[in-house]
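Chemist: Pasting the sequence and the predicted coordinates here, then a few questions.
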Amino acid sequence: MAKKLDAKTERAVRAEARALEAEAEAAEAYPAGTQITWPNRPSRMFNLRLTDEQFNELQGLARELHLPMSTMARSWLLERLDQERRAG
């Protein structure tokens, strides 16, 4: 489970990220493992029923990870779909 960074570490990480972004050139290849997404592709809505307890647990975890709950849940579903594809 992810833990929140202390303020000093968070500032250092952000500064390092800004420095790396400043050094990067648009023509360079993406780093290995980078996943490209197409944000404007049409998508469909998927509804899911959860108990209040399940919903609150997911909401709390998403908050700890600093992610929107739907983003976290979507990534979990897609990761599992990839696992099933590889296994099948």
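Modeler: Arrived safely, thanks for sending. Numbers count the residues shown, from 1 in each chain.
Chemist: Please pull up the helix or strand immediately following the one helix or strand residue 53 maps to.
Modeler: Under the criterion DSSP states H and E, the helix or strand holding residue 53 is helix 52-64. Downstream of helix 52-64, the next assigned helix or strand under DSSP H and E is helix 69-87.
Chemist: before we move on, back to that, of all the residues in the helix holding residue 53, which ones are buried?
Modeler: 58, 62 (16 or more other CB atoms under 10 Å). The way it works is simple: take the backbone N, C-alpha and C, and place the C-beta from them, glycine included.
Chemist: So what touches it?
Modeler: 1, 2, 3, 4, 50, 68, 69, 71, 72, 73 (CB atoms under 8 Å, 6 or more residues apart in numbering).
Chemist: switch the cut-off to 10 Å
Modeler: 1-4, 48-51, 67-73, 76 (CB atoms under 10 Å, 6 or more residues apart in numbering).
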